[in-house]
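Visitor: need a 3D model of the sequence below.
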Amino acid sequence: MTAATTTVRGTMPLAGHLREARRRATRAAVSLLIGIVIGFLLSDSILDVLRTPVEELAATRAASLNYDTVTGAFDLQLRIALFAGIIVSSPVWLRELFAYLAPGLNKREKKYVAGFSAAAAPLFAAGCAFGFLLFPRMVSVLAGFSSDQDSTILNASYYVDFVMKIVLATGIAFVLPAFLVMLNCLGIVSAHALRRSWRVMVVVIALFSALVTPAADVLSMFLVALPMSGLFGAALAITAVHDKRASRRSLHDTPLSTHS
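Guide: Next comes the predicted model:
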């Protein structure tokens, strides 16, 4: 009877899950809306940063950003605002997502997921910042394939999408090693399995770097692959330490369970 009562009390009905999801989704949506407003207010400053490589090109040839519709400039500001809002509000919506999943986890798993969520936001921000530092070189290298006598007329919408993809891709790439550590701590992936697949990881990192850094810009590809490789190496080291500690803990607990 007690066990049945405990089971009933520990189980949340479907209506409760829906209310919980709605409450957390509302908080995430409000934080995203606030981030979009902040992004819209900063859109001019962000666009000035994005325009810098084009202005450097304009010093040696005819180069400019162009809008192909009357509403192009306003649409571009909204796109920048949405992009900035996702980044600014990421600590909130990440926390709400993990908080919604947490009731289904035990105490140790909650601790690991909380650690991942705490590391994910700064890693994502660092990756996005790295993408912002990287994209001017990509623009100059790609534009350098054309002759000095040619004009570089860039569609503003396509140009901003290009930069956003680079920034988001590097941001996500910086979070993946922390995700691997969380999977290891939850017992889903072992350090031995990660070590055995290091060749696959190298290939994946190389392919990802080649996709993010277009054309034949080997230096930019190397600049993307280097920090990613370092982060994955750190993830491998952390998982190895965690598995060794878990193994020692199990060996230490075995005699106790035998005597009992």
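
Visitor: report the buried residues of the one helix or strand residue 168 maps to.
Guide: According to DSSP states H and E, residue 168 maps onto helix 156-185. When burial is assessed from 16 or more other Cβ atoms under 10 Å, helix 156-185 yields the following buried residues: 156-157, 159-160, 162-164, 166-171, 173-185. Backbone N, C-alpha and C define where each C-beta goes, glycine included.

Visitor: elements contacting it?
Guide: helix 43-58, strand 63-66, helix 72-88, helix 107-143, helix 191-196, helix 198-212, helix 218-259 (3 or more Cβ pairs under 8 Å, 6 or more residues apart in numbering; DSSP states H and E).

Visitor: so which of the ones you listed is nearest residue 37?
Guide: helix 72-88 (7.6 Å; Cβ to Cβ).

Visitor: mind giving me the packing neighbours of the closest one?
Guide: Here helix 72-88 touches helix 14-41, helix 43-58, helix 107-143, helix 156-185, going by 3+ Cβ pairs under 8 Å, 6+ apart.

Visitor: contacts for it next, please.
Guide: 32-40, 42-44, 46-47, 67, 69, 124-125, 128, 156-157, 160-161, 164, 167-168, 171 (Cβ atoms under 8 Å, 6 or more residues apart in numbering).

Visitor: what do you get for stretch 41-52?
Guide: 39, 65, 76, 77, 80, 81, 84, 132, 136, 159, 160, 163.

Visitor: nearest to residue 249, of those residues?
Guide: Nearest to residue 249 out of these is residue 132 (Cβ to Cβ; 42.7 Å).

Visitor: residues contacting that closest one?
Guide: 49, 167.

Visitor: how much space between it and residue 238?
Guide: Remark: distance between residue 132 and residue 238 (Cβ to Cβ, to the nearest Å) = 27 Å.

Visitor: and if you look at residue 48?
Guide: 39 Å.
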